[in-house]
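> sharing a sequence plus its predicted fold:
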Amino acid sequence: MSYAFDFSDLSQYADVLLHGVVVTLGLTGVSTVLGGALGVVGAALVLRGPAWLRWLIAAYIELIRNTPFIVQLFFVFFGLPSLGIQMGEIEAALLAMTVNLAAYAIEIVRAGIESVKHGQYQAALSLGLSGRQAFRYVVLPQALAAVFPALLSQVMIVMLGSAVVSQISVQDLTYAANFIQSRNFRSFECYIAITAIYLVMAILLRRLCNGLGSGLFAGQKR
Amino acid sequence: MISIENVSKWYGQFQVLNACSTAVRKGEVVVVCGPSGSGKSTLIKTVNGLEAFQQGEIRIGGTSVDAPNTDLSKLRSHVGMVFQHFELFPHLSILDNLTLAQLKVLGRNKDEAADKGLRLLERVGLKAHAGKFPIQLSGGQQQRVAIARSLAMDPVAMLFDEPTSALDPEMINEVLDVMVELAQEGMTMMCVTHEMGFAKKVAHRVIFMDHGQIVEDERKDEFFANPKSERARDFLAKILH
Amino acid sequence: MNDFTIWDMAQGLLLSARWTVLLSLIAFVGGGLVGGLLLVLRLSAGAKVQAMIRLYSEIFQGTPLLMQLFLGFFGLPMLGIEVSPWLAASVTLTLYTGAYLVDIWRGCVEAIPRGQWQAAASLGMSHGQQLRLVIWPQAMRIATAPTVGFLVQVVKSTALASIIGFTELTKAGSMLTNAVFQPFIIYSMVAALYFAMCFPLTWYSRVLERKQGLALKR
Ligand SMILES: Nc1ncnc2c1ncn2[C@@H]1O[C@H](COP(=O)(O)OP(=O)(O)O)[C@@H](O)[C@H]1O
Ligand SMILES: [Mg+2]
């Protein structure tokens, strides 16, 4: 057990690593925006939409929550083309991540909306706001503030889970790890280093979002 | 101004409102009282359409509240409502609480709305708090802001649902003072409250409700001097001890 | 060559699902032991040990499970420790599960009001007795629903073991796809099998949650 650690030649792969970080963060960022937006729309529909649509959304949520992300990804990337729906690796990864995040986001945002007291909605209506305006300006901001931490940790889960997109050849950070270790044969160092990069990204993301959250939702500490 | 005719409402089998009829004329102050669960909140919320009802009719200035072609939002924007638990919007500053509906409903511009908001805050003695958030104010202050928020819409009538019952005793008067002033300026008001001092001072009429019915609807002096029903007498005895 | 019927494929997948179940059980039981042990340490050991346990859950929760599996499977041999996909997957998933469970359970213990500890202490109980006789039983009741809920995540996470060559349900799906080119049907069936394993757990955890909500209201 006299193994000599050697991280020295990782530095020559800096551009590969950087590219991986950018892809991972990019995929996470885009799917967060899309999945978050779908989460809000979906939550509104679950609470107010027609019965058949609520049923459909509930089924979608259950399906996503009770199957592994990697199977969802393979289904999108390998399965859909046989229905004639062709797409590249990046698109497939984005689609799978967005669809996955949205399912959780709907549940989270719905719980947030339900946590806003009904009196707030009534007060908004009594001022003459329409139902839609009351939702947009009064209920939703409070709901999002209440569930911001839960949404954030779901985004984190999606970011860490996105490591499997390397399996469909998306050149993310994990792909970079596999690429580098196949060149320098120092797999242990390589995986350690890249695991550490993920950890730092997760910590920074949480810091950033917490700062953002307390700025956005100033004055609402409960 | 407000006419309520034969209004009935059910929750499933349970009848909350039983053929309620009354009217509030322009400039009139009407106090609604009665035991808890008698349907006071429900009645006052039917007036601006926050609660639906199954029978009867309610008109505000001639417009029927539940007619299909009524623009309910527009109607509500002319009728202020103050809630038991204030219901200030916690994510907005005090001033933004006052300007939100001015901007989004009345279409006023930012300066106009802020100007109006600040004038009303000054009127309720809270101009210095314009930049704070609701959570930073006491209950009494929050309720005064809530009144100012309604007034910012230039309402033709105001509805109050137990505006002081969630307040600590020492804060009740600061809110009542604002309400008294409003009444003396000739605002049309319908107030659910158990503050009989307020009723004696400014009310024109007092309505007493029990089990979803309007049991008494009398001129103030009449009501306090000799309440007709047993139930109202009991209630007054308890509340005035 | 392509004369596999849907039934043949389903049968193959169903058989491989046994390994998913087995790996889930190993991870859950192993993770439960690790989590339980660490929980006791967190509640009673000194600040240094507590900080180390916090670091452990932070690392396993803050990094991709896939990387953890790579480290276990490709990394350890570099240090001279030979591991099979079986062992690597079992150990990694156990550590991963433990890192989550210790946090979930600690949350449950902390949810018990301070007054309960104080009441127990005022009766003259030692720290251990307070924990065992008063706090534990209450914490266990609130812990069941989130624990069963987390079990769903464990089952799903075993799918990643396929990437290091462990032949469970997902891997069987990929291999079958390569043999019979019917990815749409095969991955649909794979998803359906996972759903069949996970949904009952999800449902049960929800039932428990509702029961508990009612109990708390009373
Ligand atoms: N959403 C509801 N569903 C069923 N019953 C209700 C609902 N809201 C109020 N009630 C019942 O209607 C009655 C009148 O309520 P309310 O108008 O709030 O009374 P008050 O304001 O006079 O105390 C009460 O008995 C209450 O329990
Ligand atoms: Mg009431």
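Structure received. Ligands and ions are numbered 1, 2, ... in the order given.
> helix or strand: which one has residue B:30?
Taking DSSP states H and E as the criterion, the element that holds residue B:30 is strand B:29-33.
> next SSE after that strand?
Defined by DSSP H and E, the subsequent element after strand B:29-33 is helix B:40-47.
> output that following helix as CSV, nothing but the C-alphas.
What follows is helix B:40-47, C-alpha atoms only, in CSV (Å, rounded to 0.1, in the frame of the first residue of the first chain):
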residue,chain,number,x,y,z
LYS,B,40,-71.1,38.0,10.3
SER,B,41,-67.9,37.5,8.4
THR,B,42,-69.7,35.5,5.8
LEU,B,43,-72.3,38.2,5.3
ILE,B,44,-69.8,41.0,5.0
LYS,B,45,-67.7,39.0,2.5
THR,B,46,-70.7,38.4,0.3
VAL,B,47,-71.0,42.1,-0.1
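> for it, name the packing helices and strands.
strand B:2-11, strand B:14-24, strand B:29-33, strand B:55-60, strand B:157-161, strand B:188-192 (3 or more Cβ pairs under 8 Å, 6 or more residues apart in numbering or on different chains; DSSP states H and E). Every C-beta, even on glycine, is put in place using the N, C-alpha and C of the backbone.
> would you mind getting the angle between the longest one and strand B:157-161?
Counting by axes from the mean of the first three to the mean of the last three Cα atoms, to 10 degrees, strand B:14-24 lies at 140 degrees to strand B:157-161.
> for ligand 1, give me its nearest residue in chain A.
Going by Cβ to the nearest ligand atom, ligand 1 is nearest to residue A:118 of chain A, at 9.4 Å.
> format the helices and strands packed on helix B:40-47 as a markdown table; extra columns: mean neighbour count and mean pLDDT.
A markdown table is the format used below for the helices and strands packed on helix B:40-47 (neighbours: other Cβ atoms under 10 Å in any protein chain shown; pLDDT from 0 to 100):
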| stretch | mean neighbour count | mean pLDDT |
| --- | --- | --- |
| strand B:2-11 | 17 | 94 |
| strand B:14-24 | 18 | 94 |
| strand B:29-33 | 25 | 95 |
| strand B:55-60 | 18 | 93 |
| strand B:157-161 | 24 | 95 |
| strand B:188-192 | 24 | 96 |
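> switch those strands over to a markdown table; also include distance to chain C.
Compiled in a markdown table, the helices and strands packed on helix B:40-47 are given as follows (distance: least, Cβ to the nearest Cβ, whole Å):
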| stretch | distance to chain C |
| --- | --- |
| strand B:2-11 | 21 |
| strand B:14-24 | 22 |
| strand B:29-33 | 32 |
| strand B:55-60 | 35 |
| strand B:157-161 | 26 |
| strand B:188-192 | 29 |
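> so which of those is nearest residue B:211?
Of all the helices and strands packed on helix B:40-47, strand B:14-24 sits nearest to residue B:211, with 7.1 Å by Cβ to Cβ.
> does that closest one reach ligand 1?
Yes. Residues of strand B:14-24 are located near ligand 1 by Cβ under 6 Å from any ligand atom, namely B:14, B:16.
> sheet partners, orientation included, of that strand?
Note on strand B:14-24: by DSSP bridges, its sheet partners are strand B:2-11 (antiparallel).
> quick revisit: neighbours of the residue of chain A closest to ligand 1, how many?
Neighbourhood size, residue A:118 [other Cβ atoms under 10 Å in any protein chain shown]: 10.
> now residue A:98: how far from residue B:142?
According to Cβ to Cβ, to the nearest Å, residue A:98 stands 41 Å off from residue B:142.
> and for residue A:166?
Residue A:166 is 54 Å from residue B:142, by Cβ to Cβ.
> send me the helix or strand of chain B with the lowest mean pLDDT as PDB with only the CA atoms.
Sorting the helices and strands of chain B by mean pLDDT, DSSP states H and E puts helix B:230-240 at the bottom, at a mean of 85. Coordinates of each C-alpha in helix B:230-240 appear next as PDB, following Å, rounded to 0.1, in the frame of the first residue of the first chain:
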ATOM      1  CA  GLU B 230     -84.000  38.000  24.200                       C
ATOM      2  CA  ARG B 231     -80.800  37.000  22.300                       C
ATOM      3  CA  ALA B 232     -79.700  40.500  21.700                       C
ATOM      4  CA  ARG B 233     -80.300  41.400  25.300                       C
ATOM      5  CA  ASP B 234     -78.200  38.400  26.500                       C
ATOM      6  CA  PHE B 235     -75.500  39.300  24.100                       C
ATOM      7  CA  LEU B 236     -75.400  43.000  25.200                       C
ATOM      8  CA  ALA B 237     -75.400  42.000  28.800                       C
ATOM      9  CA  LYS B 238     -72.400  39.700  28.200                       C
ATOM     10  CA  ILE B 239     -70.500  42.200  26.200                       C
ATOM     11  CA  LEU B 240     -71.100  45.300  28.200                       C
END
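> contact partners of that helix?
B:33-35, B:194, B:196, B:208, B:210, B:215-216, B:223-224, B:227 (Cβ atoms under 8 Å, 6 or more residues apart in numbering or on different chains).
> can you rerun that using 10 Å?
B:33-35, B:38, B:194-197, B:206, B:208-211, B:213, B:215-216, B:218, B:223-224, B:226-227, B:229 (Cβ atoms under 10 Å, 6 or more residues apart in numbering or on different chains).
> stretch B:161-172 and ligand 1 in contact?
No. Stretch B:161-172 does not reach ligand 1 (Cβ under 6 Å from any ligand atom); its nearest approach is 7.2 Å.
> before we move on, back to that, can you redo the helices and strands packed on helix B:40-47 as CSV with distance to residue A:36?
Formatted as CSV, the helices and strands packed on helix B:40-47 follow (distance: least, Cβ to Cβ, whole Å):
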stretch, distance to residue A:36
strand B:2-11, 37
strand B:14-24, 40
strand B:29-33, 45
strand B:55-60, 41
strand B:157-161, 36
strand B:188-192, 41
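> now do the strand holding residue B:30: distance to the chain's middle.
9 Å (Cα atoms, centre = their mean, to the nearest Å).
> likewise for stretch B:201-217?
That offset, for stretch B:201-217, works out to 14 Å (Cα atoms, centre = their mean).
> quick one: average pLDDT of it?
Across stretch B:201-217, the average pLDDT comes to 93.
> so what touches stretch B:54-67?
B:1-10, B:15, B:17-21, B:23-24, B:26, B:43, B:46-50, B:52-53, B:69-72, B:74-76, B:78-79, B:156-157, B:188.
> let's see it at 7 Å
Stretch B:54-67 is contacted by residues B:1-10, B:46-47, B:49, B:52, B:70, B:75, B:79, B:156 when judged by Cβ atoms under 7 Å, 6 or more residues apart in numbering or on different chains.
> try stretch A:57-70
Everything outside stretch A:57-70 that qualifies as a contact, by Cβ under 7 Å, 6+ apart, is A:42, A:45-46, A:72, A:99-100, A:103, A:106-107, A:161, A:164, C:152, C:156, C:159-160, C:170, C:191, C:194-195, C:198-199, C:202.
> wasn't residue A:34 part of a helix?
Yes. With DSSP: H, G, I helix; E, B strand; the rest coil as the criterion, residue A:34 is part of a helix.
> thought residue B:44 was touching residue B:191?
No. Judged on Cβ atoms under 7 Å, residue B:44 makes no contact with residue B:191 at a distance of 8.6 Å.
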